[in-house]
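*Asks:* fold the following for me, if possible:
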Amino acid sequence: MYAIAPALATLPVIRFAFVGYSSIMRAVGSSKVVVVGGSAGSHDAALRLMAGLPGGLAASVLVSLHMAPDSRTKLAGLLGRAGVLPATTAVDGEQAQAGHVYTAVPDRHLLITEADTLRLSSGPRENRVRPSVDALFRSAARWCGSRVIGVVLSGSLDDGAAGLAAIVSQGGMPVVQQVEDARFDGMPRAALRAVPQASVAPARDLGKVIADLVDQPVPAPRPGTEQDLRWETDMIADGHSTVDIPGQPAALGCPECAGGMYEVNTGPTVHFVCHTGHSYSPQTLLAAREENIESAVWKAISALQEKAAILRRLAGQAERRGDEREHRQHHDAADAAVHAGEVLRQHLNGS
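*Replies:* I've put the predicted structure just below:
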């Protein structure tokens, strides 16, 4: 009996220890994480989404919408006024807290890393943009696993589809804006092709859908599968990785740095990465190649125009010397250069 008394006296200390442990576990990431991504037409959708989120949401909310590198964004203020959750621009190194909204900044990837720590990275552009939806989604998939709810909003191409598939591969839950409700339906359509099981709703109802998912139990994690995401998330955050580049060589060159590219499959989706970390979805890679081709054609037109100008000068000099043969030769060559340039210009004009 007397031996038990000292042990009983330690119970408050033991209880304090357990409370401390619980706090520590929450600090390293026990609440859910909602990641929201969009492009063209997504600002209005994001405002309507925020209006539907309840106060005290048991999840942090990270928002990455495509924006110009030199823009001065007021997104956090707009989202904060649209709903009841406080919203701030993300700060590198801060820890995401439940019931709070964090927005990306221009020319930096918004990432979430170990212990729900936010990172603002100047790593390689993905799908030709920084911040990138896929970069945020993949980081959340790796570090937060089955606690993640991924949300794809309006956008014109297929950004976010591979990232949403990565979230699902780790046990997370996908949500997509209704195609008919999106101002630009490219991103929602691509997301639904990648994860047809996603919850779908118009923007005005997305807040309720997300809140309901937050209230559900966290699905069991899938041990070890985050290894598939290590190389890409390392490269986007730190510029180097200790693991090998994923996928298979694709016999393609990166539109940004001309490095060799690899084809990476995530579920039914495919995307392409180069050895420096640039990443492209199929539609964005095509768009980049079309820009490369147009730029090359304009350079060719410019070169042909310069060639014609030089040849006409040479033709004029030959005419003043009375050399009709050389005059005619340079004159005809100039006309041929002009004609070739017009053919290329007509190609650009689609005629």
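
*Asks:* per-residue confidence for A68?
*Replies:* Reported pLDDT at A68 in the predicted model: 89.

*Asks:* mind listing what it touches?
*Replies:* Contacts of A68 were listed using Cβ atoms under 8 Å, 6 or more residues apart in numbering, and they are P106. Every C-beta, even on glycine, is put in place using the N, C-alpha and C of the backbone.

*Asks:* check which helix or strand it maps to.
*Replies:* Take DSSP states H and E as the rule and A68 turns out to sit in neither a helix nor a strand.

*Asks:* quick one: it from T89, how far?
*Replies:* In this structure, A68 and T89 are 16 Å apart, going by Cβ to Cβ, to the nearest Å.

*Asks:* V270: how many residues sit nearby?
*Replies:* Neighbouring residues of V270 were enumerated by other Cβ atoms under 10 Å; the total is 17.

*Asks:* check which helices and strands the helix or strand containing it sits against.
*Replies:* Secondary-structure element containing V270, defined by DSSP H and E: strand 269-274. Counting contacts by 3 or more Cβ pairs under 8 Å, 6 or more residues apart in numbering; DSSP states H and E, strand 269-274 packs against helix 161-169, strand 260-266, strand 279-280, helix 282-321.

*Asks:* and the angle for that strand with strand 260-266?
*Replies:* Computed with axes from the mean of the first three to the mean of the last three Cα atoms, to 10 degrees, the direction of strand 269-274 lies at 150 degrees from that of strand 260-266.

*Asks:* strand 269-274 to helix 282-321, inter-axis angle?
*Replies:* Here strand 269-274 points in a direction 50 degrees away from that of helix 282-321 (the same axes, to 10 degrees).

*Asks:* any buried residues in strand 269-274, and which?
*Replies:* Burial within strand 269-274, assessed by neighbour count using 16 or more other Cβ atoms under 10 Å, is assigned to T269, V270, H271, F272, V273, C274.

*Asks:* tell me how this structure divides into domains.
*Replies:* Using automatic domain parsing, the domains assigned to the chain come out as 30-228, 285-349.

*Asks:* which residues does I245 contact?
*Replies:* The neighbourhood of I245, defined by Cβ under 8 Å, 6+ apart, consists of W231, Y262, V273, H275.
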